[in-house]
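Q: sequence first, predicted coordinates after that:
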Amino acid sequence: MKTKLFHSLLSPLLVAGLLLAPLPGLSGHAAAASVTTKATAAAAQQLQVIVDGKKISLSAAAYAENGVTYVPMRDIFKALGASVTWESKTQTIIARKGYLSISLQVGKKTAVINGKTVKLDAPALIRKGVTFVPARFIAESLNATVKWDKVTSAVRITSQEAAENAEYEEWLDSQKNLPTLTSREIVDKFDESVVLIMTNQAQGSGVVIGENLILTNYHVIADAASATAVTINGKQLTIDGVVKYDEDADLAIVRTKGAIGIDPVTLGYGLNSYKGGKVVAIGSPLGLQNTVSDGLISNITYQDGIRYIQTSAPIDHGSSGGALFNEFGDLVGITTLGYSGTSADLNFAVSVIHAASLNSEITDADIADAKFLPSSLPATLVGAPLTDIEKLLKDHYGLLSTTEGDAAFTKWAAKRDSSGWLVLTAEIDPLFYMYYGAASAQELRLWAINLGHEFHEMLPDEKIQVLINYEREYGFEPRGFASGEVTSLGGNKWQVRFPVIDMQLKNELFIKVRV
């Protein structure tokens, strides 16, 4: 999440404010000086350092000198969550917190922050064996704010984390009385801002987020060489390419050739989405443009650092890249995937927090340089040796992630038979097929059709057959199979082998899936 950094100027400590006026009855410069010195010492001893509302215990008393408050080195860094190293030979202090690195040397009015030299108003000092550092410089270098409380003679420091937490709590309070919207009101407000996306490879959905920017799923646009966005009013916009993408979060932002002419959806962080809250999904499942469905936030989960909104709002193939709005009218997710073959409506959207982060990274140069991503497949396989084809099959088609789990394809082989056909063969994970083959039949079919389409693009003049086989050994002779599908291996062992997928194509396509 992109965080807001808080910066403020430290109110300088006025040494005069720490001095006490001479007491009545004392006269002469010596007496006044003596009283002033004692008063200053007393005030210095009473000087407090408070970090995030808590007074920190100091190994030595903090003091003010020439308008600068000094605090023990280790105490202030520890209180602000930074680690510190002391190099005694060079009298150098090195502190680290997250991406920040701070280095300063005793007696020198310069410091180095993340490799950049900066000037100091006052250097670090050593007194009575204790290393002191200027509080304002250290605090502000660590993105904290500093205030002088003259009533309590305290330096009050607020860390970046505490400031952000306070802002978040304030924001949460402001959400409690937000008005909720009906499904009809959400559709009226945002329906035009959701578009259908057609690529040369697939169909999905997208959400308008800028004058010529559309947010969608990475997998919708990943292998596309061309694409078009279609508005609910039938306007077709050519997509020039990808501006920014995050493959891990399955998100991409694309640019259209001209202005879209539709009010964009605001990208927030979706932090007011909660389990049990009502949501509305808008997308184009199976190409049915801007279909609306509603449901609840069933769960909020994390996987590999990605936040997902699980929802009962029905979605399907083609909904990928669509919008998920909460009852306050906030975009909270980009619909991405779901489980088929279940009545539980187990569907998921990538949290908008990742989209907001991706959008914040876009530069004018990114928008100007928008282009389609390079294909993971070669432009042609004409003349390629069979070993290269086998390697491509193994690397690119070795795994299919289905809604039931991962189906692995092994032992890929490519050969040309006596009739001139290019025959591509592999074996499906037998356990996956036995348990989930029927439930995944449609996904297996689509996977094979996609494989055939891609190979036809790379080998347009070839007759291609793809055979995906089930193969497993048994300690008994299985019954009910066709002739040749059960083979005796001897030693009371039998092998079962039959084609699960048989796809053939040249100018037309034939496919059979056995479940």
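A: Yes, it's here.
Q: contacts for stretch 400-407, please.
A: Stretch 400-407 is contacted from outside by 337-341, 399, 409, 428-429, 432-433, 435-436, 439-440, 443-444, 447, using CB atoms under 8 Å, 6 or more residues apart in numbering. For every residue, glycine as well, the C-beta is placed using N, CA and C.
Q: buried subset of those, written for PyMOL?
A: Selection of the buried residues among the contacts of stretch 400-407 in PyMOL, burial being defined by 16 or more other CB atoms under 10 Å:
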select buried, resi 337+338+409+428+429+432+433+436+439+440+443+444+447
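Q: burial count for residue 230?
A: The tally of other residues near residue 230 (other CB atoms under 10 Å) stands at 18.
Q: the one 5 residues further on now?
A: Here the number of neighbours of residue 235 (other CB under 10 Å) works out to 12.
Q: show me the contacts for it.
A: residue 261 are the contacts of residue 235 under CB under 8 Å, 6+ apart.
Q: and it, how far from residue 262?
A: Residue 235 sits at a distance of 9 Å from residue 262 (criterion: CB to CB, to the nearest Å).
Q: what's the closest non-adjacent residue to residue 354?
A: With CB to CB, 6 or more residues apart in numbering as the criterion, residue 354 has its nearest non-adjacent residue at 4.1 Å, and that residue is residue 249.
Q: doesn't residue 359 make contact with that neighbour?
A: No - between residue 249 and residue 359 there is no contact under CB atoms under 8 Å: 12.0 Å.
Q: who has more neighbours, these two?
A: Taking neighbours as other CB under 10 Å, residue 249 and residue 359 compare with residue 249 leading, 23 against 19.
Q: so who does residue 290 touch?
A: Neighbour list for residue 290: 191, 194, 196, 232, 282-284 [criterion: CB under 8 Å, 6+ apart].
Q: turn those residues into TSV, columns for neighbour count, secondary structure and distance to residue 164.
A: Listed next are those as TSV, based on neighbours: other CB atoms under 10 Å; DSSP: H, G, I helix; E, B strand; the rest coil; distance: CB to CB, whole Å:
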residue	neighbour count	secondary structure	distance to residue 164
191	13	helix	35
194	28	strand	32
196	23	strand	39
232	16	coil	39
282	25	strand	32
283	29	strand	34
284	27	coil	38
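Q: now these as JSON lines including pLDDT?
A: Listed next are the contacts of residue 290 as JSON lines, based on pLDDT from 0 to 100:
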{"residue": "191", "pLDDT": "96"}
{"residue": "194", "pLDDT": "96"}
{"residue": "196", "pLDDT": "93"}
{"residue": "232", "pLDDT": "94"}
{"residue": "282", "pLDDT": "95"}
{"residue": "283", "pLDDT": "94"}
{"residue": "284", "pLDDT": "90"}
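Q: now the helices for the stretch 201-350 of the chain?
A: Counting by DSSP state H, counting those that start in this stretch, the stretch 201-350 of the chain has helices at residues 218-221.
Q: residue ranges of the helices in this structure, please?
A: For the chain, the helices defined by DSSP state H cover 15-18, 29-46, 73-79, 135-141, 160-175, 183-190, 218-221, 352-360, 364-368, 386-396, 430-436, 441-458.
Q: all set now, cheers.
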